[in-house]
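**Student:** Turn this into a model:
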Amino acid sequence: MALIFSLDQGRAGKAEFRDLGDGIFLKGQNGRAVILIHGLTGTPNEMKSLGISLNRKGYTVVCPRLKNHGAPLDVLKDMTWEDFYQSVKEAYMKVKDDHEFIAVSGLSMGALLALVLADEFPEKIKGVSCLSPTLFYDGWNTPWYNFFFPLATHTPLRNFFYHKEDPPYGVKNKEMQKRLHNYYSTAVISDTSKIAEYGYPYFPVVLLCQLKALVRHVTARLKDITVPVQLIQAKDDDISSVKNSQFIYDGVGSKTKEIVMLYDSYHCITADQERKTVTARVEEFFEKIHNGDAK
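**Tutor:** Model prediction:
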């Protein structure tokens, strides 16, 4: 990721501002539901492949578009992590009365929101699968000057700095890298033309403040989370290292917990080389919980 300073606040004209809808909802038949949560500045598209597979197994799948993901960056920058969590709670409300078994899975920041939901509704959420959970940006492709961001986020300068996505864009798959590069390499800050498909090409530094606040909340609550927890992360995650999964594994109060390591993927594991492995392990974990083999 490259750090960019810009006076462009990411405003898009009305003609460019498209309503991308609420996300993904797939009705199931087996009485179980799964809530899938995409990452910060990401898109429900990140979770689509996993959701379709779970739905074919009979699950009702709901993957909300987090609050104002799809809006111009000057709108998204004003959101709080509580705004994003509210989108998750609304998804939960859609399925809570009609399904006895509800599980949740999230990618990157979405994994943290999944843990928050399990903490608030432990009687209903039966298990959590955290995919590339991100508490710390300590992957091999994160810039060394990340160390100074906590200082910048306490000044007005935070509104003018952005991370610009650059190779490998969180994926090891060469074809996916090429498609992302075609969009990200030429996009300007106000460009929202393909965020429904690929997410935002720029990441406002001001949102790091919200991520840090969410991390503080999750960290303080980890020991009270007792539902089964699965953590799946790539050994070579370019954004967040495996220390993130280990931190959660060591901190949660769950009796059943596991870490699944991947060896041919980077951060966006639901779209990368081993996405089928990720899908299989998530389905296997939820099936084990449903069958009473995990408490």
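
**Student:** Settle this for me: residue 135 is touching residue 239, isn't it.
**Tutor:** No - Residue 135 is beyond contact range of residue 239, at 11.4 Å (criterion: C-beta atoms under 8 Å). Quick note: C-beta positions are derived from backbone N, CA and C, even for glycine.

**Student:** any idea which residue sits dead centre in this protein?
**Tutor:** In the chain, the C-alpha nearest the mean C-alpha coordinate belongs to residue 39, at 2.5 Å (C-alpha atoms, centre = their mean).

**Student:** now that one, nearest residue through space, not along the chain?
**Tutor:** In this structure, residue 39 finds its nearest non-sequential neighbour in residue 108, 3.5 Å apart by C-beta to C-beta, 6 or more residues apart in numbering.

**Student:** Spit out the contact partners of residue 187.
**Tutor:** 193, 194, 201, 202 (C-beta atoms under 8 Å, 6 or more residues apart in numbering).

**Student:** ok, now how distant is residue 187 from residue 65?
**Tutor:** The gap separating residue 187 from residue 65 is 20 Å, by C-beta to C-beta, to the nearest Å.

**Student:** actually residue 246, sorry about that
**Tutor:** 30 Å.

**Student:** Next: residue 56.
**Tutor:** Separation of residue 56 from residue 65 (C-beta to C-beta) stands at 22 Å.

**Student:** which of those two has more neighbours?
**Tutor:** Per other C-beta atoms under 10 Å, whichever of residue 56 and residue 65 has more neighbours is residue 65, with 21 against 12.

**Student:** does the more buried one really touch residue 41, like I thought?
**Tutor:** No - using C-beta under 8 Å, residue 65 is not in contact with residue 41, being 12.0 Å away.

**Student:** Let me see the ranges of the strands in the stretch 1-150 of the chain.
**Tutor:** Applying DSSP state E, counting those that start in this stretch to the stretch 1-150 of the chain gives strands spanning 2-5, 23-26, 32-37, 60-64, 101-107, 125-131.

**Student:** any low-confidence regions in the protein?
**Tutor:** 1-20, 144-158, 294-295 (pLDDT under 70).

**Student:** try 80
**Tutor:** Applying pLDDT under 80 to the chain flags residues 1-21, 143-165, 190-192, 293-295.

**Student:** in it, which spans are helices?
**Tutor:** 48-56, 73-76, 81-95, 109-120, 149-152, 174-184, 195-198, 206-221, 243-251, 275-290 (DSSP state H).

**Student:** and of those helices, who's closest to residue 262?
**Tutor:** helix 275-290 (6.7 Å; C-beta to C-beta).

**Student:** List the contacts of the closest one.
**Tutor:** By C-beta under 8 Å, 6+ apart, the list of residues contacting helix 275-290 from outside reads 32, 34, 49-50, 53-54, 57, 59, 101, 103, 105, 126-127, 129, 131, 228, 230, 232, 256, 258, 260, 262, 265, 269-270, 294.

**Student:** follow-up on the earlier one: tell me the contacts of the residue nearest to residue 39?
**Tutor:** Going by C-beta under 8 Å, 6+ apart, the list of residues near residue 108 reads 39, 40, 42, 131, 132, 133, 134, 239, 240, 267.
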